[in-house]
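# Pasting the sequence and the predicted model now:
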Amino acid sequence: MIIEHALLRVGEDRGDAFAAAVRAAFPLIESAPGCHGAEVRVQHEDPSIYLLIVQWDSVQAHQAFRASALYERWRAATHHFYAAPPEVTHFLAPLAR
């Protein structure tokens, strides 16, 4: 399993509307094949910055979502709030203890 990490910079004074849009759009991303859950957190130091965390089976599952109609609906619901393009990266399994 991999973790998608997306840093989202939301336009000034749009946080409440963005949060409502994300809550409504969660079923889109979470119904994608290979998705095991998603969450969005707001940054303490700067409330215009949000962190999207999504658990995927693989990077390929995330890429398949990005090529799907579900993603187009997710994008239509959320991306117009962004003040800058999202910074998206993927993380592997946790280090062994």
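Here it is on my side, so go on.
# so what's Pro47 up against?
Applying CB atoms under 8 Å, 6 or more residues apart in numbering, we find Pro47 in contact with Gly15. The way it works is simple: take the backbone N, C-alpha and C, and place the C-beta from them, glycine included.
# all helices of this protein, in order?
15-30, 59-66, 69-78 (DSSP state H).
# pLDDT weak spots in this protein?
Within the chain, no range satisfies pLDDT under 70.
# Give me the residue at the spatial middle of it.
When CA atoms, centre = their mean is applied to the chain, the residue found nearest the centroid is Leu52 (3.8 Å).
# wait, isn't that residue in contact with Gly37?
No: Leu52 lies out of contact with Gly37 (CB atoms under 8 Å); the separation is 11.6 Å.
# follow-up on the earlier one: can you add distance to Asp46 and mean neighbour count and give the helices of the chain back as TSV?
Shown next, in TSV, are those (distance: least, CB to CB, whole Å; neighbours: other CB atoms under 10 Å):
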stretch	distance to Asp46	mean neighbour count
helix 15-30	11	15
helix 59-66	26	16
helix 69-78	19	16
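# Tell me, how many residues neighbour the closest residue to Leu52 other than its chain neighbours?
Nearest non-adjacent residue to Leu52, counting by CB to CB, 6 or more residues apart in numbering: Ala6, 4.0 Å away. As a burial measure, Ala6 scores 16 neighbours (other CB atoms under 10 Å).
# give me every residue that touches Ala6.
51-54, 86-89.
# now, which of these lie within strands?
51-54, 87-89 (DSSP state E).
# rewinding a little: would you mind measuring from the residue nearest to Leu52 to Val54?
8 Å (CB to CB, to the nearest Å).
# same check, this time on Val40
10 Å.
# Neighbour count for those two, which is higher?
Val54 (24 against 18).
# Report the beta-bridge partners for the more buried one.
Glu4, Ala38 (DSSP bridges).
# from what I can see it touches Met1, true?
No: assessed by CB under 8 Å, Val54 is found out of contact with Met1, at 10.6 Å.
# For stretch 86-97, list every residue counted as buried.
For stretch 86-97, the neighbour count (16 or more other CB atoms under 10 Å) marks no residue as buried.
# Kindly report the same for stretch 7-14.
8-10.
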